[in-house]
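Novice: sharing a model prediction with you, sequence too.
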Amino acid sequence: MAKKHNFVWLHNYFLVRSTKTKKIRINGGSALMRHLRKASPQHIGKKTWDYFRGQKKVVRKSFSHYAFRGQFTSTFFYHSRFSDCVFTDISGERYVFENCKFYNCTFENCHFEHHENQWEKLVFQRCRFKRFYIADGMQEELLFIQCRISEMTISDVNVVEKIRFKTCMIENSHFEYLLPSGKYIRPSLVFERSQVESTRFEDVDFKDSTFLDTGLFNTLFLDCKLYRKTFRLTRELNSSCQAMFDFETILKSNYISPTVLLTYFNITADYTSLKNTIINMTAEKDFFTVFISYSFKDSPFAIKLNRYLRNKGIHTFMWEKDAPGGQLLEDIMDANIGKHDKLLFIASQYSIKSRACQYELTTARKKQEKSWDAIFFPICIDDFLFKVKKNQVRPMDRVEEYWSNIEEIKRVNALDFTMFNGGKINRAAFEKAALKILDGLKKEIK
């Protein structure tokens, strides 16, 4: 008989008794180094100037009953331990933790958003997190044991590998935009015998991720890709689950077993019939389908735009996500430009000079000349389209073809997205500007 898994016992772990021990207050990275020079200079590492290490280096230090607050830019903790510490209103760039352990610590209002932040081989045991935000950077081999997590966001992180939540309570949190980074690096999240409530997973590839004997309550999957091994049940869950997913998740997923559909989503239909029903329901589309033409050097912008369009219900083809293996490149371009209504061209100095992008423009131009339909939908992320001259076009044997493509693009009103090219993108401003793309891609109702 299958064992039942009861989540009630989890609450007992989080009734941690308060302590009256006075905490040592540290306000920022500079204050930390001043404190260490006086109290324990042997734990200050040598200054280094490589990409990650910065100037403030703490080595093999045990922190007990500390209260950290403020900016910790260019701060590196190596083989350090933290017990009964409080981290409040923490932020910083090039904030690095490696081989560190945290016991009975509290993190509140912490914000880490920088591509040079790196957390590796960390253990958090019986810790509490509230309003904890991580974006960009690298997180590898993080273990959360018996932690209570509220309002945590892990978003658009470059590398998320071997992140494990074991017997944790997770609520009101967001895991979003976690996709493969390169050919061999996939996001890896494991939720083991935990409880997840009122949490959203958006645009997450779960190929190497697992929910093991974990309860899901009021949990939503949006534009995710689920797999046969995403959910594993070795025992019966005592509490009923209530999870939901959108149509995109069903259409993108490979297979969801009847047991998982019933246990987590309260759906009695089998996956194949459910997917076919959704395909039939969404056959009539309100938007044109889109082939996105861009240079790989503009990938960060293209990925964000693709996510936005797909979340709005627009079917897109983006090379890094959708191109199949084992086929000739030009055959893939020809077939998918032919299948999609519009070619959305992300115009930049890189895409205009790209042979692949020029091939896509030529293919779309031929399709347009044959059908008399408007195919091109350009947006600019720099001003190169309007500055380039015919005598600058290379190679010489392609000048006429490439210049015809450029002139055809110029004939169409190109939307200006130059303010979103490079650096941190203001999401609210981006989505407001992208509404013009949605308006342009709407089909006229006849």
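Specialist: Structure received.
Novice: pLDDT score for the most centrally placed residue in the chain?
Specialist: Nearest to the mean C-alpha position of the chain, by C-alpha atoms, centre = their mean, lies residue 177 at 2.2 Å. Predicted confidence (pLDDT) for residue 177: 81.
Novice: also residue 169?
Specialist: Predicted confidence (pLDDT) for residue 169: 96.
Novice: which residues does it form a beta bridge with?
Specialist: Under DSSP bridges, the beta-bridge partners of residue 169 are residue 148, residue 195.
Novice: equivalent analysis for residue 178, please.
Specialist: residue 204.
Novice: so it touches residue 161, yeah?
Specialist: No: at 10.6 Å, residue 178 does not count as touching residue 161 under the criterion of C-beta atoms under 8 Å. Placement of C-beta: from N, CA and C, glycine included.
Novice: which residues do these two both contact?
Specialist: Taking C-beta atoms under 8 Å, 6 or more residues apart in numbering as the criterion, residue 178 and residue 161 both touch residue 187.
Novice: who has more neighbours, these two?
Specialist: The neighbour comparison of residue 178 against residue 161 (other C-beta atoms under 10 Å) goes to residue 178, with 25 against 18.
Novice: residue contacts, that one?
Specialist: 154, 156-157, 160, 187, 189, 203-205.
Novice: kindly report the same for residue 347.
Specialist: So residue 347 contacts 378-382, 384-385, 409, 414 (C-beta under 8 Å, 6+ apart).
Novice: so which of these is surrounded by the most neighbours?
Specialist: Result: residue 381 is most packed of the contacts of residue 347 (other C-beta under 10 Å), 25 neighbours.
Novice: so where's the stretch 201-350 of the chain shaky on pLDDT?
Specialist: Within the stretch 201-350 of the chain, the stretches with pLDDT under 70 are 281-285.
Novice: can you give me the strands for it?
Specialist: Counting by DSSP state E, counting those that start in this stretch, the stretch 201-350 of the chain has strands at residues 210-212, 215-222, 231-232, 236-237, 242-245, 290-293, 316-317, 342-347.
Novice: which one, of the ones you listed, ends up nearest to residue 86?
Specialist: Ranking those by proximity to residue 86 (C-beta to C-beta) places strand 215-222 first, at 28.7 Å.
Novice: direction included, what does that closest one pair against?
Specialist: In the sheet, strand 215-222 lines up with strand 195-197 (parallel), strand 200-204 (parallel), strand 242-245 (parallel) (DSSP bridges).
Novice: okay, those in TSV with mean neighbour count and distance to residue 113 next?
Specialist: TSV is the format used below for these (neighbours: other C-beta atoms under 10 Å; distance: least, C-beta to C-beta, whole Å):
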stretch	mean neighbour count	distance to residue 113
strand 195-197	21	23
strand 200-204	22	17
strand 242-245	19	28
